[in-house]
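below is the sequence, then the predicted model.
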Amino acid sequence: MKIVVTARNGTRAFECEPGEKILHAGLRSGVELPYECATGTCGTCKARLTSGRVESQWPEAPGRKYFKTEADLLTCQSVAHEDCALEVGPLKTSEPDTSAPRVFAGVVGGLRGLTHDVVAFHVDLDAPLDFAAGQFALLTVPGVAGARAYSMVNFDRRAERLSFVVKKKPGGGISEWLFAGDVDGTRLHVVAPLGHATFHPDMGKHVLCIAGGSGIAGMMSILSRACGAEHFARWDGHVFFGVRTARDGFFLDDLEAFRARHPGRLAVTVALSDEDVPEALAAAYPGFGFARGFVHAVAGERMQGRYAGVRAWVAGPPPMVDASLRLLLREARLSPADIRYDKFS
Amino acid sequence: MGQYDRHVFVCTSGDTCPVQGDTEKFVKTLRAGVQKANLQAAVRVNKAGCFSQCGHGPMMVVYPENVWYAGVQESDLEEILTSHIIGGYPVERLRYEPGVKGANKIEVDAKPKPAAAAAASPSPEWTRVCRVTDVPASSMKEFAVDGTSVLIVHTGTELVAFQAMCPHEAVPLEQGVHDGCLLTCLEHTWQFDLKTGAPVGDAEIGLKGYPLKTEGDELYVALGR
């Protein structure tokens, strides 16, 4: 089926397969349709149907709150039933390191617990994939309704393996499935790479990462990319990682490995929201900063007067992301172009 | 065929364009760029009077394409220069296409009008909003005034009033943040200049502003029309 999209900055056409989401078909064809979450929540991919017939595969998607007319739809949730014409938001330009998203077949492996409620696993792909640090993949597991978005933890060129972390969430389809146990060897569908919260060393800026819980996933990819390019030989890095208590921390050894490569310029601070910092934890990571408090508040205190030339990445639960955005816009006075964020939802 | 391959008109003397940006400087920057490209014989940049599109500024028009640009920022000039004036490819993202012909002014001046100016316009209807102290320094609050939702912003030095909803997705701007100069809607980080309501960055549409006045401890807004 032929889809014609009209935006303020141009008109493009692409082919869409039966059952394929319009967003995926466009991106796959190199048409940079607007989107953020790709999972029906943020509303960024809202479009208006001017001719043809589409069907939403998730009519109750939260992103529908932005609809103004009956003809509005989310391209990330909609499939076409015939040739269609759509009005869409401004088309984007593609970013470095990344490639057009495609559908891969993957096999789950390496499932292991990181904490009492966070697991890590990887997915081996049937073809190599180039992605940008900070991007995510949509995973669909047979028998579990809906796709879930997870940020890649690793960074590799022509990656054949993607690493992820997932937090246990009751009622969270894939999360529950992972925690139910024996999933190694399971086949699943992967749509990747997606997302604009990306890092590339050519930007020439100091790096500020504020992560809550499993939001650290994408930051690990960014730090991997940055360290690989010796970014912190010339630029500062500030990593703030917030968890509830000491037993909720993970990836601390990996963060220490990054920090130890550039001890003068890369600083890692762990914020515990629900308990005082245990002495044993501080003693185990003498190179880290530790503080009790919400991660955005700790970042706000320690970053005061150090925002010049900074670009920030934020990921975590929505209240933490919103609080961080307030900090970065109001106190830090960063331009939205220098704030990249992923809100879990 | 005219005397120039490309003829640029920058509004420098309307009511709002020169307030919404340093349009005299725009002209200088564009002229310098044309000179640098050695195109003085082919391109002319003129200062112009009002295009009757007040509130959408700073505006400029480029002929022979008859392309209108709205909300031009200093940071956009390089792109307009290289892509369009020199390259011939209009900058689509800045194009002004309001969907109506002819004059299309919107009210953007949110500052309280001096008494003389207020008297000159046919007696604005002032409606009480709140007590001046209800909006503390550097905060903002939404009020329902005669069925219209109005956002009162305390910039730190003065009170200004705008439409309460983000023109993007009708999200209450009250839930956003401001730093006294810029108001940001947190939903999709559209930003607006608190002096003029003009769109900044990704934002494509500006905010409607309302005149305010204080009488004693009370704040009044003129919703107009």
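That came through fine. Residues are numbered from 1 along each chain as shown, chains lettered A, B, ... in the order given.

mind showing which ranges of the chain have poor pLDDT?
All of this is about chain A. By pLDDT under 70, the low-scoring segments of chain A are A:343-345.

nope, chain B
When residues are selected by pLDDT under 70, those of chain B lie in B:1, B:108-123, B:225.

give me phi/psi at the residue positioned nearest the centre of it?
The centroid of chain B falls nearest to residue B:198 when counting by CA atoms, centre = their mean (3.1 Å). Here is the backbone geometry of residue B:198 (degrees, to the nearest 10): phi -70, psi 150.

measure it to chain A for me?
With distances taken as CB to the nearest CB, to the nearest Å, residue B:198 is found 16 Å from chain A. Backbone N, C-alpha and C define where each C-beta goes, glycine included.

residue numbers of chain A in contact with chain B?
Taking CB under 8 Å from any CB of the partner chain as the contact definition, chain A meets chain B at A:8-10, A:42-44, A:66, A:68, A:90, A:322, A:325-326, A:329-330, A:333, A:335-337, A:339.

about what we covered before: and the residue nearest to the centre of chain B, what does it touch?
B:20, B:57, B:71, B:108, B:192, B:206 (CB atoms under 8 Å, 6 or more residues apart in numbering or on different chains).

buried ones among the residues of chain A next to chain B?
Neighbour-count burial within the residues of chain A next to chain B applies to A:42, A:43, A:44, A:66, A:322, A:325, A:326, A:329, A:330, A:336, A:339; the criterion is 16 or more other CB atoms under 10 Å in any protein chain shown.

which of those sit farthest apart?
Pairwise distances across those peak at 24.6 Å for A:66 and A:330 (criterion: CB to CB).

domain map for chain B?
Taking automatic domain parsing as the criterion, chain B consists of the domains B:6-94, B:115-222.

the first one and chain A in contact?
Spelled out, that is domain B:6-94. Yes - using CB under 8 Å from any CB, domain B:6-94 comes into contact with chain A via B:92, B:93.

distance between the ends of that domain?
Across its full length, domain B:6-94 reaches 18 Å between end residues, using CA to CA, to the nearest Å.

and what of stretch A:110-117?
Taking CA to CA, the first and last residues of stretch A:110-117 lie 16 Å apart.

which stretches in chain B count as helices?
Assigned by DSSP state H, chain B shows helices spanning B:17-20, B:23-36, B:77-79, B:115-120.

in contact with residue A:284, which residues?
By CB under 8 Å, 6+ apart, the neighbours of residue A:284 are residue A:252.

so how far is residue A:293 from it?
According to CB to CB, to the nearest Å, residue A:284 and residue A:293 sit 20 Å apart.

cool, and residue B:82?
Shown here: residue B:82 relative to residue A:293, a distance of 48 Å by CB to CB.

swap in residue A:189?
According to CB to CB, residue A:189 and residue A:293 sit 40 Å apart.

same deal with residue A:120?
From residue A:120 to residue A:293 the distance is 27 Å (CB to CB).

pick out whichever of those two has more residues nearby.
Legend: neighbour count by other CB atoms under 10 Å in any protein chain shown for residue A:120 and residue A:293, higher for residue A:120 (18 against 14).

make sure the more buried one is actually in contact with residue A:162.
No - in this structure, residue A:120 is not within contact of residue A:162 by CB atoms under 8 Å, at 11.5 Å.

want to throw the helices of chain B into CSV with mean neighbour count?
Output for the helices of chain B, formatted as CSV (neighbours: other CB atoms under 10 Å in any protein chain shown):
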stretch, mean neighbour count
helix B:17-20, 22
helix B:23-36, 17
helix B:77-79, 16
helix B:115-120, 11
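
closest to residue A:58 out of those helices?
Comparison of those against residue A:58 by CB to CB identifies helix B:77-79 as nearest, at 38.2 Å.

what helices and strands are in contact with the closest one?
Applying 3 or more CB pairs under 8 Å, 6 or more residues apart in numbering or on different chains; DSSP states H and E, one finds that helix B:77-79 makes contact with helix B:23-36.

ok, back up a step: redo the domains of chain B as JSON lines? Include distance to residue A:106.
Formatted as JSON lines, the domains of chain B follow (distance: least, CB to CB, whole Å):
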{"stretch": "domain B:6-94", "distance to residue A:106": "37"}
{"stretch": "domain B:115-222", "distance to residue A:106": "31"}
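
off-centre distance for stretch A:171-191?
In terms of CA atoms, centre = their mean, to the nearest Å, the centre of stretch A:171-191 is found 18 Å from the chain centre.

how about that stretch as CSV, C-alpha atoms only?
The C-alpha trace of stretch A:171-191 is given here as CSV (Å, rounded to 0.1, in the frame of the first residue of the first chain):
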residue,chain,number,x,y,z
GLY,A,171,1.4,-6.5,35.1
GLY,A,172,4.1,-5.4,32.8
GLY,A,173,3.8,-8.0,30.0
ILE,A,174,7.4,-8.6,29.0
SER,A,175,8.8,-7.9,32.4
GLU,A,176,6.6,-10.5,34.0
TRP,A,177,7.4,-13.0,31.3
LEU,A,178,11.2,-12.4,31.9
PHE,A,179,10.8,-12.8,35.6
ALA,A,180,8.7,-16.0,35.2
GLY,A,181,12.0,-17.7,34.5
ASP,A,182,13.2,-20.0,31.7
VAL,A,183,13.3,-17.7,28.7
ASP,A,184,16.8,-18.2,27.3
GLY,A,185,16.5,-19.4,23.7
THR,A,186,13.1,-17.8,23.2
ARG,A,187,12.5,-16.2,19.8
LEU,A,188,11.1,-12.7,19.6
HIS,A,189,10.6,-9.8,17.2
VAL,A,190,12.8,-6.7,17.4
VAL,A,191,12.2,-3.4,15.7
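
so which residues make contact with that stretch?
Residues from elsewhere that reach stretch A:171-191, judged by CB under 8 Å, 6+ apart: A:24, A:38, A:101-111, A:119, A:121, A:123, A:125, A:137-142, A:144-148, A:162, A:166-170.
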